[in-house]
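1. the following comprises the amino acid sequence and a computationally predicted model.
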Protein chains: 2
Amino acid sequence: MLDERKTAILSAVVHEYIATAQPVGSSHIAGASGVGVSSATVRNEMAVLEQEGYLTQPHTSAGRIPTDKGYRFFVDHLASPRRVDAVTTRRVGEFFDAAHGRLEEMLHQTSDLLAHLTHHASVVLGPKADAAEIRSVQVVRLSTTAATVVVVLGNGSVENEVIEIGEGVSDAALAGATVHLAAHLVGRTLGDGPEIVSSGDADVDDLCGAALHALRAGSTDDHVYLGGTATVAEAFDAVEVVRQVLHTLEQQFVVVSLVRDIVDRGMSVAIGVEHGVEPLSACSVVVAPVVVEGEHVGSVGVLGPTRMNYPQALATVDIVSDRLGRRLGEG
Amino acid sequence: MLDERKTAILSAVVHEYIATAQPVGSSHIAGASGVGVSSATVRNEMAVLEQEGYLTQPHTSAGRIPTDKGYRFFVDHLASPRRVDAVTTRRVGEFFDAAHGRLEEMLHQTSDLLAHLTHHASVVLGPKADAAEIRSVQVVRLSTTAATVVVVLGNGSVENEVIEIGEGVSDAALAGATVHLAAHLVGRTLGDGPEIVSSGDADVDDLCGAALHALRAGSTDDHVYLGGTATVAEAFDAVEVVRQVLHTLEQQFVVVSLVRDIVDRGMSVAIGVEHGVEPLSACSVVVAPVVVEGEHVGSVGVLGPTRMNYPQALATVDIVSDRLGRRLGEG
DNA sequence: CGTTAGCACTCGGTATCATCGACTGCCAAG
DNA sequence: CTTGGCAGTCGATGATACCGAGTGCTAACG
């Protein structure tokens, strides 16, 4: 596709631009190590690279900056090996060794960790409720017309939903529903689509139906944790872009579907327009699935300017997702 | 303190500056309705107001802008009556009429509502766990060495904490702990400082102790929901300020203590440096306590530039806190 | 004595213009 | 094919002038 020298030049441009955020000129490349060739030759090669769509010029008499296609080539062919530096390894290790307590808290802290390590906004998509084994179900009265149904899952998360109950429903019916639900749900998952046979008591059946319905609806909710959103204000100097990106990040469902879509397509990086979310076209997203015992239970990722340090971001996201998966496996 | 005419002029300056974000000159004031006086007189008065610290000039030959002290006078003497426009009333009403489901979800949505209504960043501090009546306690095994203790509270929130358990602790002990904890905790609050008498079984006592300890520690955690953080990117044109403010907002404990401090001091507005959080010195915070049956169970507030529409913010925060309190009271 | 018209002055913002320098593209020589 | 050289492009920078909004001050006025 690209001969060795073009590859080297493209790589050098990407590296330089990532480091300096300035368009890079031919003499910089020629001066730098790697390609032992004059600036004139570099110019010729860069002209070709521009024609082929890997580079572009902000204006005629400026240096080149990589296009999305240029970054894509870079991450596909030049961004290996994905190795993180020692201090990152150490910090990730320390974090997961010390991690304890509630699942939600740990995921939240994981997103902060990722944000700190990469200096980008980070996303952690937690396990969906419908894949985990149900350990316990309980229906508790809140008022004369409302109750909450609490489910404890094997992965340590606790889901709860509020259901409306009839005015005259007795405490006994609630207790009955707790027992009946437990009998049918414990040991299974919400994703199994469990059905509940009649208990013989209409009130209990109503409660169970309402509870199951609410749980089903709620179990498709996502647990999403964002971190480091303030860093986008540093990444772009155009205030308008900052505003747009932050606004988009506030729409959690956009972020969720964005990340999920990338992971589902088996990609680890979506560059610029590749992810199709227009207000984020100045951003790249680096993701990795979180895997526990072969099951894809969640995702982690970072979002930053297309001009991001891909090798570092890829490596960091990888190691965090790996360690998070292992940590969840132990749980 | 200030005679009537100075007051009118100060008020006009604040209104104008809030509306336009431009330093306002004497002729604008003179031209506007209210003070039937020439620009020269306004100039004289404005010079005095500046000497007394209510106004300042960005540079010598520019109009005046209010100082923090000027805003303070404005909100203390001129910002009444706090009435919201009809559309806000309607939207708040619709929101709380439709609000249902989990407490956390509703609080989250409340913060979004506030952000949309005011176009500022919003904060909702949820009820602390230690003031609500305990409806149910349950200890559920997660693994051979961990269990989760789940507490359902009268206000509809569900708290859970993970505790370590000894390797050999039996399911019977867990069940015993559930029963024992329920006997001592249901109907009380975590804030009561309930003690648990020995059950006669060492494992059960250990579990109960660990559970209670974890719950106590967790019950002081705050439920804080932020909304509209992207709006700060619109409120300031200095990127550096945006960065600082967003970064500070990410530190949730800062936000929590900030809001709590203001509420505890009985204030409803903290202007600029008044709140003492240096990175937010360009911001004002408007808060209101959420009261249920005389109890202060939480707070709502907005954070925006000192140049904010105080009457509108005060009125909106007030109505939202009021409706939220009533809604929580029904629950 | 407070108010006001008038005036000199200040100073940031904007437009103009020249300069500078970091590039490029191209060409001819190596 | 590579490379040195050169003309040309164009944004960035800085100097200069100008404009206008706005001030402070003073003198006149009712």
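-> Thanks, I have the structure now.
2. how about the closest residue to DNA strand D within chain A, phi and psi?
-> Of the residues in chain A, the one nearest DNA strand D is A:S61, at a distance of 2.5 Å by C-beta to the nearest atom of the strand. No exception for glycine: its C-beta is placed from N, CA and C like everyone else's. Main-chain dihedrals, A:S61, degrees, to the nearest 10: phi -100, psi 50.
3. before we move on, what about the one 5 residues further on?
-> Note on A:P66: its backbone torsions stand at phi -70, psi 150 [degrees, to the nearest 10].
4. list the contacts of it.
-> A:10, A:13-14, A:17, A:54-56, A:74, A:307 (C-beta atoms under 8 Å, 6 or more residues apart in numbering or on different chains).
5. what does A:A177 give?
-> A:139, A:204, A:207-208, A:211.
6. reformat those residues as JSON lines; add secondary structure and distance to B:T316.
-> Listed next are the contacts of A:A177 as JSON lines, based on DSSP: H, G, I helix; E, B strand; the rest coil; distance: C-beta to C-beta, whole Å:
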{"residue": "A:V139", "secondary structure": "strand", "distance to B:T316": "37"}
{"residue": "A:V204", "secondary structure": "helix", "distance to B:T316": "45"}
{"residue": "A:L207", "secondary structure": "helix", "distance to B:T316": "39"}
{"residue": "A:C208", "secondary structure": "helix", "distance to B:T316": "42"}
{"residue": "A:A211", "secondary structure": "helix", "distance to B:T316": "37"}
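7. could you dump the residues you listed to CSV with distance to DNA strand C and neighbour count?
-> CSV is the format used below for these (distance: C-beta to the nearest atom of the strand, whole Å; neighbours: other C-beta atoms under 10 Å in any protein chain shown):
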residue, distance to DNA strand C, neighbour count
A:V139, 64, 27
A:V204, 72, 25
A:L207, 66, 26
A:C208, 68, 25
A:A211, 62, 27
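8. between those, which is nearest A:V241?
-> Sorting the contacts of A:A177 by distance to A:V241 puts A:A211 at the head of the list, at 45.6 Å, by C-beta to C-beta.
9. ok, the closest one touching A:E159?
-> No. Using C-beta atoms under 8 Å, A:A211 makes no contact with A:E159, being 11.3 Å away.
10. residues near A:T20, how many?
-> 12 (other C-beta atoms under 10 Å in any protein chain shown).
11. ignore the last one, A:D318
-> Residues near A:D318, counting by other C-beta under 10 Å: 17.
12. quick one: contacts for it?
-> Neighbour list for A:D318: A:82, A:268, A:288 [criterion: C-beta under 8 Å, 6+ apart].
13. so it, which state does it fall into?
-> Assigned with DSSP: H, G, I helix; E, B strand; the rest coil, A:D318 falls in the helix class.
14. contacts for stretch A:261-269?
-> A:75, A:270, A:275-276, A:284-289, A:296, A:299, A:301, A:310, A:314, A:317-318.
15. so which of the residues you listed sit within helices?
-> A:310, A:314, A:317-318 (DSSP state H).
16. tell me how many other residues surround A:V224.
-> Neighbour count of A:V224, defined by other C-beta under 10 Å: 18.
17. let me see the backbone angles for it.
-> When read as degrees, to the nearest 10, the backbone of A:V224 gives phi -120, psi 130.
18. that one touches A:S122, doesn't it?
-> No. Counting by C-beta under 8 Å, A:V224 does not reach A:S122; the two are 10.9 Å apart.
19. what is the burial count for the closest residue to DNA strand C within the stretch 151-300 of chain A?
-> In the stretch 151-300 of chain A, the residue that lies nearest DNA strand C is A:V239 (16.1 Å; C-beta to the nearest atom of the strand). Applying other C-beta under 10 Å, we find 16 residues neighbouring A:V239.
20. now the residue of chain A found nearest DNA strand C. Nearest residue, chain neighbours left out?
-> Nearest residue of chain A to DNA strand C: A:G25, at 2.3 Å (C-beta to the nearest atom of the strand). Spatially, and ignoring its direct neighbours in sequence, A:G25 is nearest to A:G63 (3.9 Å; C-beta to C-beta, 6 or more residues apart in numbering or on different chains).
21. these two touch, right, that neighbour and A:A21?
-> No. Between A:G63 and A:A21 there is no contact under C-beta under 8 Å: 11.6 Å.
22. how about the residues of chain A by DNA strand D?
-> By C-beta under 7 Å from any atom of the strand, the residues of chain A that approach DNA strand D are A:5, A:37-41, A:43-44, A:59-62.
23. switch to 10 Å and redo it
-> Taking C-beta under 10 Å from any atom of the strand as the measure of proximity, chain A contacts DNA strand D at A:3, A:5, A:23, A:26, A:30, A:35-45, A:57-62.
24. list only buried entries from those.
-> Burial by neighbour count, judged by 16 or more other C-beta atoms under 10 Å in any protein chain shown, picks out A:23, A:26, A:30, A:35, A:37, A:42-43, A:45 from the residues of chain A next to DNA strand D.
25. out of the residues you listed, what pair is the most spread apart?
-> A:P23 and A:V37 (19.9 Å).
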